[in-house]
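Enquirer: compute the structure for the input listed below.
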Amino acid sequence: MEKKLILRGILVGAVAGVLAFVFARIFAEPQIDRAIDYESGRDAAQAALGKAAGVPPDAAGPDLFSRTIQANVGIGVGMIFFGMAMGALFAVAYTVCLGRTGRLRARSLSLLVAGGGFLGLYLVPFLKYPANPPAIGHEETIQQRSGLYLIMVVCSVAFLVGAVWLGRRLQARFGNWNATLLAVAAFVVAIGIVMLILPPLGHLAYNKEAFGNQATETPLPLTDAKGTIVYPGFPADVLFAFRFYSVGAQLILWTVIGLAFAPLAERLLQPARRDAGSPSQEPDPIPA
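Expert: Here you go, the predicted model:
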């Protein structure tokens, strides 16, 4: 049974990855192109300043893949495999929850687990360390940024699981509604403390040394020796649009996983009734 659920999770994850890629290709990819154009223009301005100061320009390495390959094959394959991985992880979480959610229907459980996946694995970490397009972020901080983001994901998932456990523990004493509110409050406080403890990306040691005490790694205006701006900072509208569409792509991914997995799981978990001509009005139980 568990293997069948996981296989269905992988299948719906692949479908969700395709749909999320189509959305990202239409809406997010143009923002990536604008970010790359900005990066190219800034590099040219930086090279001109360096040439005027007598500094030899750095040799640019060749691109292994063209932008066409990256924007279509690369991102498409990546999104599909990512969707399959998230679908498998979703199915495992769904299987763990079976029999531990009272009389919750298979379809409802699917939507709740998908919502938890979107919240814990993406949205909460995104609030602290949002997605960035090309031209934002320095090579020297990649390892630190990856570690910080992983900490946010682990804490988010762990606290979300803890909030669900706490809500169920408090349910008998405070009732459904109040227990849910208390669990949500505990999650917000716990994850808020983690967000306060973890540093902003602009406060990483390399960034503070090279660029001052900034909040993010978003490029500031490029200035010459006299302080005159020779190239603007990263466009705020491009940054907002990229992040907005990134959230949209993830929302599509998890929504499709939850909606598509629900009937497949229900059909697998609930055998057909002999009186199928007159369906019962009672909710179908989920086997332990």
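
Enquirer: quick one, strands of the protein?
Expert: For the chain, the strands identified by DSSP state E occupy 222-223, 229-231, in order along the chain.

Enquirer: possible to save those as a markdown table with mean neighbour count?
Expert: (Each C-beta comes from the backbone N, C-alpha and C, glycine too.) Output for these, formatted as a markdown table (neighbours: other C-beta atoms under 10 Å):
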| stretch | mean neighbour count |
| --- | --- |
| strand 222-223 | 14 |
| strand 229-231 | 14 |
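
Enquirer: now those strands in a markdown table, with mean pLDDT and distance to residue 182?
Expert: Rendered in a markdown table, the data for the strands of the chain read as follows (pLDDT from 0 to 100; distance: least, C-beta to C-beta, whole Å):
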| stretch | mean pLDDT | distance to residue 182 |
| --- | --- | --- |
| strand 222-223 | 90 | 50 |
| strand 229-231 | 91 | 51 |
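
Enquirer: so which of the ones you listed comes closest to residue 196?
Expert: In terms of C-beta to C-beta, the element of the strands of the chain nearest to residue 196 is strand 222-223, at 32.1 Å.

Enquirer: and the closest one, what does it pack onto?
Expert: helix 29-52, strand 229-231 (3 or more C-beta pairs under 8 Å, 6 or more residues apart in numbering; DSSP states H and E).

Enquirer: return the distance of it from the chain's centre.
Expert: In terms of C-alpha atoms, centre = their mean, to the nearest Å, the gap separating the centre of strand 222-223 from the centre of its chain is 33 Å.

Enquirer: now what about that strand, what contacts it?
Expert: The set of residues that contact strand 222-223 without belonging to it, under C-beta atoms under 8 Å, 6 or more residues apart in numbering, is 42, 45, 46, 49, 229, 230, 231, 232.

Enquirer: out of those residues, which comes closest to residue 205?
Expert: Comparing every one of the contacts of strand 222-223 with residue 205 (C-beta to C-beta), the shortest separation belongs to residue 46, at 22.6 Å.

Enquirer: not counting sequence-adjacent ones, nearest residue to residue 118?
Expert: Spatial nearest neighbour of residue 118, excluding adjacent residues (C-beta to C-beta, 6 or more residues apart in numbering): residue 254 at 3.8 Å.

Enquirer: got the contact list for the one you found?
Expert: If you count contacts by C-beta under 8 Å, 6+ apart, then residue 254 has 16, 86, 114, 115, 117, 118, 122 around it.

Enquirer: how confident was the prediction at it?
Expert: As predicted, residue 254 sits at a pLDDT of 98.

Enquirer: please renumber so the chain begins at 634
Expert: Sure, I'll start counting at 634 from here, so that last one is residue 887.

Enquirer: distance from the longest helix seen in the chain to the middle of the chain?
Expert: For the chain, the longest helix by residue count, based on DSSP state H, is helix 775-830. Its chain's C-alpha centre lies 17 Å from the corresponding centre of helix 775-830 when counted by C-alpha atoms, centre = their mean.

Enquirer: next one: stretch 668-675
Expert: From the chain centre to the centre of stretch 668-675 is a distance of 25 Å (C-alpha atoms, centre = their mean).

Enquirer: burial of the nearest residue to residue 760 once chain neighbours are set aside, as a residue count?
Expert: For residue 760, the nearest residue in space outside its immediate sequence neighbours is residue 828; the separation is 7.3 Å by C-beta to C-beta, 6+ apart. In terms of burial, residue 828 registers 17 neighbours under the definition other C-beta atoms under 10 Å.
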